[in-house]
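Undergrad: sequence and predicted structure, then a few things I'm wondering about:
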Amino acid sequence: MRLSLIPAASLALLLAGCGAVTPTDSGPERVDTKVDTPALRKEKKDAGIIPCRPPADGSAAGQGMPKVTLPCFGGGKDIDVSHLRGPMVINLWASWCGPCRDELPVYQQFHEKFGDKVQVLGVNYNDQMPEAAMDLLADTGATYPELADPNTDLAYQDPLPNFQGLPAIIFVDEDGAIVDGNGNTRVMFEEIDSLSELTRLVEKNLDVKL
């Protein structure tokens, strides 16, 4: 398993907020990263990346994602992630993360083969280089919907842990829960090497048959 650690400057931002609900409350630490520009919108369209669609159920899921609203990467509707329902696998990635580059095509393979049964959602996380990130999506052929979290708003938000390394995976069941029956959060820090590995993990964590 290979993980890319969050760059030191960004990690310092995370650690600075250890005593708070989130390390990225509005303040001088926040970076104004533009994730919706005409250039990004064009590249997103050219790459065939699917637009973000708000969940049909507009209520927060029990034991689900935190009440955080993230912008759609490259333009589109903002999404309150607490409303997400699955089965869904969420991939947190960044342009500076080497293992992420290697595994993005695997998530695309999964999306193409099983997307009608299990949704795939990407989150460009802790990344202040949106142009490089969009280039990476285009280069790897990833077309599933993408959100952006450049200021790590998801970190420390109950029931999510801090994300000190990438890539990371969050499993969301059909009821929207990311906590399993034993009270464990369905979050993994693991590089996915193959479609068969990702399929096995989804079946195990979401109790679906693919």
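TA: Cool, got the structure.

Undergrad: tell me which helix or strand Lys113 sits in.
TA: Assigned by DSSP states H and E, Lys113 belongs to helix 98-114.

Undergrad: helices or strands up against whichever helix or strand comes after that helix?
TA: Downstream of helix 98-114, the next assigned helix or strand under DSSP H and E is strand 119-125. Judged by 3 or more C-beta pairs under 8 Å, 6 or more residues apart in numbering; DSSP states H and E, the packing partners of strand 119-125 are strand 88-93, helix 98-114, helix 130-140, strand 146-149. All C-beta atoms are positioned from the backbone trio N, CA, C, and that covers glycine.

Undergrad: go with 10 Å
TA: strand 69-70, strand 88-93, helix 98-114, helix 130-140, strand 146-149, strand 168-172 (3 or more C-beta pairs under 10 Å, 6 or more residues apart in numbering; DSSP states H and E).

Undergrad: regarding stretch 177-192, how distant is the last residue from the first?
TA: Start-to-end span of stretch 177-192 (C-alpha to C-alpha, to the nearest Å) is 22 Å.

Undergrad: next, the distance between the ends of stretch 47-54.
TA: In stretch 47-54, first residue to last residue: 21 Å (C-alpha to C-alpha).

Undergrad: what comes up buried for it?
TA: Ala47, Ile49, Ile50, Cys52 (16 or more other C-beta atoms under 10 Å).

Undergrad: adding distance to Arg41, pLDDT and secondary structure, write those out as JSON lines.
TA: Shown next, in JSON lines, are the buried residues of stretch 47-54 (distance: C-beta to C-beta, whole Å; pLDDT from 0 to 100; DSSP: H, G, I helix; E, B strand; the rest coil):
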{"residue": "Ala47", "distance to Arg41": "11", "pLDDT": "97", "secondary structure": "helix"}
{"residue": "Ile49", "distance to Arg41": "10", "pLDDT": "98", "secondary structure": "coil"}
{"residue": "Ile50", "distance to Arg41": "14", "pLDDT": "97", "secondary structure": "coil"}
{"residue": "Cys52", "distance to Arg41": "13", "pLDDT": "95", "secondary structure": "coil"}
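
Undergrad: which one of the residues you listed is nearest to Gly98?
TA: Gly98 has its nearest neighbour among the buried residues of stretch 47-54 in Ala47, at 20.8 Å by C-beta to C-beta.

Undergrad: pretty sure that closest one sits against Tyr144.
TA: No: taking C-beta atoms under 10 Å as the definition, Ala47 is not a contact partner of Tyr144, at 11.2 Å.

Undergrad: spit out the residues that contact those two alike.
TA: Between them, Ala47 and Tyr144 share these contacting residues under C-beta atoms under 10 Å, 6 or more residues apart in numbering: Leu137.

Undergrad: look up phi and psi at Pro55.
TA: Torsion angles at Pro55 (phi, psi; degrees, to the nearest 10) stand at phi -60, psi 150.

Undergrad: mind checking pLDDT for it?
TA: With respect to pLDDT, Pro55 scores 87.
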